[in-house]
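1. Coordinates for the following, if possible.
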Amino acid sequence: MTESATATASPYVGARPFEEDDRGNFFGREDEIFRLRSLAVSRRAVLLYSPSGAGKSSLLKAGLLPALDEKVAGAACLPVARVGGEVPPDLAVVNRYAFHLLSGLLGESAEPAEVARLSLRAGLQRAITRLVADRPAAEAPQVVFLTIDQFEEVFSSDPGRSEARDEFFRQLGEALRQEDALTLLLALREDWLAWLDPYLGHFPDRLRTRFRLELLGKEAARQAVTGPAAKAGLPFQPEAADLLVDDLLKSPVQELNGSSVERPGSCVDPVHLQIVCQRLWEESRAAETTEITASKIQVYGNVDRALAEYYTRRVREAAAVTKVPERAIREWCERVLITPQRIRGQVLQGEDQTAGLDNRVLNALVEAHLLRREPRRGLFWFELAHDRLIKPLLEDNAAWRKSQETDLERLAVRWEEEGRPERLLLLGRSLSEAEREAGAIDGGPPDTVQRFLRTSRSEAGSRTRTWIVILLLTLLLGSLGFNFFQMWIFTSWAGYGGLHRFRGELTGLAQRNIDRAVLLALAARELETHLNRIPPQIGPPQDEVPDSRQLLFESLAASPSLDFLEFPEPGPASAPPQDQRSAHSPDGRFHATGGADGILQLRKAGALYKMDGRVGPITALAFSPRGTRLAVGGSGGTIRLWDPVERRPEGEPLRGLEDGVLSLAFSPDGGELVSAHGRVTAHWRLTPGPFLGTVVDSLPPGLSKGVDPQILPWPEVPGITAAAIAYEQSLVATAAPDGIRLWDQENRRSAGGPFLYDQGGVKTLAFDAAGMNLFSLGNDGSVIRWNVDPATWERRACEMAGRKLDAKDVEDYLPRINPQLEKRLIQQLMPCSGGTSR
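-> Coordinates of the predicted model:
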């Protein structure tokens, strides 16, 4: 609906000024009209000034001039004119300000070229003659009122033309002195008053007769609200009018602590009143009501909502006219004109742009009464037209952003709100897609998105440089390793003959000196290790190498001092339900359990919380490396991600596979999740945006790890029942029927084991935060802690050998023959403590 159509259908004019035809609906200014009329008939020159938006133009056109015409005998009013505007480029004018004033007074009765040559006095005489000619001779006017509205344009329209301005004031003063019947009425914004001082000598009585127009008081605002509606046949109930006026009086006030609150003020902005009442009238007429009640005010008369709708309409119009994106205009208004304390800010006007926004947009918003241009010390400043616009503007911008935001913008906002964590940054293909998406955003990506992408690019570059360094170091170490390999072959051959000598010495030594027998057996084991590492093509025949492990265990079997190293036996009371699954966060803050009943139990700082896991019977649990997410898998193949801090699910369930979830594992950065479903393995990318799942073919028996689409096979280990990863130590632990093994993630080779567990098999494995202890949960419910600190292994192996050993050779002290003797030896090398699950 256009402004003109709205004015015709509604007695409220909205944001435009009242015209003479609207005087029947002009209420609330009766006192001002009477006082100003008295001054006008008794003085030769009167100055009307007020804050922006107080209604000077409306008061002149719909109030004062009709009152002078109708109630003052012998009075005649020339049309309201202005002195600002653009001069046609092909027209030479004597004085630009006189040209605009006379163009408004003479209208279409004179051609522009003719008006351009007239002096101000000659043009005024012609306008007065035309005015008198239209009246009967008996009604010839005794006084003629010349009204100039928005007189600040003589200073603001072209500040550099001081000579033309001086000449205009000289001509205006001369016309007032020569034309005795002429009375001058000037309307000026009060912030331009000081600019008049150098020219006061040209006016009668130095323009001392002045009248300040205030904003609407409470009672005047009530009349302006109720008068037009009652006259149009749709009256307000008294309490409804009071409710609306009280709402219009509210204004944000800053407290001593810096916060902003709304408090009742003493005056109402006439523009806001007209905007709100126009919307209320249209909604009430559409609902076919006979009167406006308090309930209608609550539904249709919300001031903030009406101002927000008006702000939206005017911003879209400005964007359409200037071709500046709506996003840029909204963000500029919020960023530049409103402080973090939610009060009005100011910005200095630039030559073509102001703080990055085209001045054409700002001029359009000034004309729409959303912004105000304030002169100060010869400079111009922009600010919001009223404090009451702050809340509607912020709320409307927030709603607009929510409707327009892309997945990338939401991710960038989340990154900012969570303190810019590294885990949310984009890398690789995701970063490339995000940059393309940012380039497609209307008006360019917001500042938040730009900062997010810059940080993501920086992190991606840092990781690339890190991998280059790793590659160069790998090549260097490979070269060094080849030289060491040759030395190793030579050393190993030298130990071949030593094994045969140890065999002969150990034959009778075990019965006489057990300690020396053990040390000789360990030395034999060390030599055999070197021989076993030599490829068969270049090493000695394997059938001629004595079995050092058999020598070691034969020596150990003769020792009566190893009985106390047996595993502690867990009692029957320690066994939990057989279907329970558990997980421990890497940072040690949370412990989660779940089972067939579908209840997820989360323990935090001694407190226990129970909730529905949302996946049915729980079959797998896993925490992300930072402990900020908990993955819960169900027997039906569904996976849910939980926030352990807020204890609520995140996003939508991960579905797509019917087989139950057997195991879950996060990638080191927490951005990917791998789930095992028996026959297949699923790879899920968790950030950014929606969850994307990729189903990978079933892997060979044993442990496998998926990175992007690449599958890295590990040595085949049949029947794995559980696995765990120690990120800090680069270790992987697996449980199988033959025991627990440790693996090195870097080269996918064994790092120790198997450690025999003969209590019925292992259900779950988990490392502590430091990766120094491994916890195993048996099918019988027992829990055992295993010390997997390599430093501990090396120290105890050196103690057994009686000398310092190479760290690479420590693993050779974990033999794999006699289960009972091996169990005892492992207890000596890697002490463990048993306990019960709680």
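
2. what bits of the stretch 401-550 of the chain have low per-residue confidence?
-> Scanning the stretch 401-550 of the chain for pLDDT under 70 picks out 440-444, 482-483, 485-550.

3. hmm, try it at 80
-> The model of the stretch 401-550 of the chain has pLDDT under 80 over residues 404-410, 413, 417, 423-424, 426-448, 478-479, 481-550.

4. In it, what residue spans correspond to strands?
-> Under the criterion DSSP state E, counting those that start in this stretch, the stretch 401-550 of the chain contains no strands.

5. got it, and the stretch 251-400 of the chain?
-> Under DSSP E, counting those that start in this stretch, the stretch 251-400 of the chain gives strands at 260-264, 347-348, 353-354, 357-358, 371-376, 379-384.

6. would you list those in TSV and tack on mean pLDDT?
-> As requested, those are exported to TSV (pLDDT from 0 to 100):
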stretch	mean pLDDT
strand 260-264	80
strand 347-348	88
strand 353-354	92
strand 357-358	92
strand 371-376	78
strand 379-384	84
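
7. need those strands in JSON lines with mean neighbour count, can you?
-> For glycine as for every other residue, the C-beta is placed from the backbone atoms N, C-alpha and C. Shown next, in JSON lines, are the strands of the stretch 251-400 of the chain (neighbours: other Cβ atoms under 10 Å):
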{"stretch": "strand 260-264", "mean neighbour count": "12"}
{"stretch": "strand 347-348", "mean neighbour count": "14"}
{"stretch": "strand 353-354", "mean neighbour count": "16"}
{"stretch": "strand 357-358", "mean neighbour count": "20"}
{"stretch": "strand 371-376", "mean neighbour count": "18"}
{"stretch": "strand 379-384", "mean neighbour count": "17"}
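
8. Which of the ones you listed sits closest to residue 662?
-> Of all those, it is strand 260-264 that lies closest to residue 662, at 55.7 Å by Cβ to Cβ.

9. counting contacts, what elements does that closest one pack onto?
-> Judged by 3 or more Cβ pairs under 8 Å, 6 or more residues apart in numbering; DSSP states H and E, strand 260-264 is in contact with strand 250-254.

10. ok, and what's touching the strand it packs on?
-> Contact partners of strand 250-254, identified using Cβ atoms under 8 Å, 6 or more residues apart in numbering, comprise 260-265, 303, 341-343, 386-388, 390-391.

11. Show me the domain layout of the protein.
-> As assigned by automatic domain parsing, the chain contains the domains 29-212, 218-301, 306-404, 495-561, 716-838.

12. Nearest to residue 644, out of these?
-> Judging these by Cβ to Cβ, what sits closest to residue 644 is domain 716-838, at 14.7 Å.

13. Can you tell me the element the residue lying closest to residue 731 once chain neighbours are set aside falls in?
-> On the basis of Cβ to Cβ, 6 or more residues apart in numbering, the spatially nearest residue to residue 731 that is not a chain neighbour turns out to be residue 742, at 5.7 Å. Element membership for residue 742, per DSSP states H and E: strand 739-744.

14. partners of that strand in the sheet?
-> strand 731-736 (antiparallel), strand 749-755 (antiparallel) (DSSP bridges).

15. re the thing from before, wait, the residue nearest to residue 731 sits on residue 735?
-> No: counting by Cβ atoms under 8 Å, residue 742 does not reach residue 735; the two are 11.0 Å apart.

16. between these two, who's got more neighbours?
-> When residue 742 and residue 735 are compared for neighbours, residue 735 comes out ahead with 28 against 22, by other Cβ atoms under 10 Å.

17. who does the residue nearest to residue 731 bridge with?
-> Applying DSSP bridges to residue 742 gives these bridge partners: residue 733, residue 752.

18. Lowest average confidence across the strands paired with strand 739-744, which one?
-> Confidence, taken as mean pLDDT, is least for strand 749-755 of the strands paired with strand 739-744 (a mean of 65).

19. mind listing the helices for the stretch 1-150 of the chain?
-> Taking DSSP state H, counting those that start in this stretch to define them, one finds helices in the stretch 1-150 of the chain at 3-9, 30-42, 56-59, 65-71, 96-106, 112-117, 120-133.

20. which one of those helices lies closest to residue 646?
-> Residue 646 lies closest to helix 3-9 among these, at 48.4 Å (Cβ to Cβ).

21. Just the mean pLDDT for the closest one, thanks.
-> 43.

22. heads up, I number from 29, so please use that
-> Right, with 29 as the first residue, what we last looked at is helix 31-37.

23. that older thread, may I see the domains of the chain organised as JSON lines, with distance to residue 503 added?
-> Below are the domains of the chain laid out as JSON lines (distance: least, Cβ to Cβ, whole Å):
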{"stretch": "domain 57-240", "distance to residue 503": "71"}
{"stretch": "domain 246-329", "distance to residue 503": "60"}
{"stretch": "domain 334-432", "distance to residue 503": "50"}
{"stretch": "domain 523-589", "distance to residue 503": "23"}
{"stretch": "domain 744-866", "distance to residue 503": "16"}
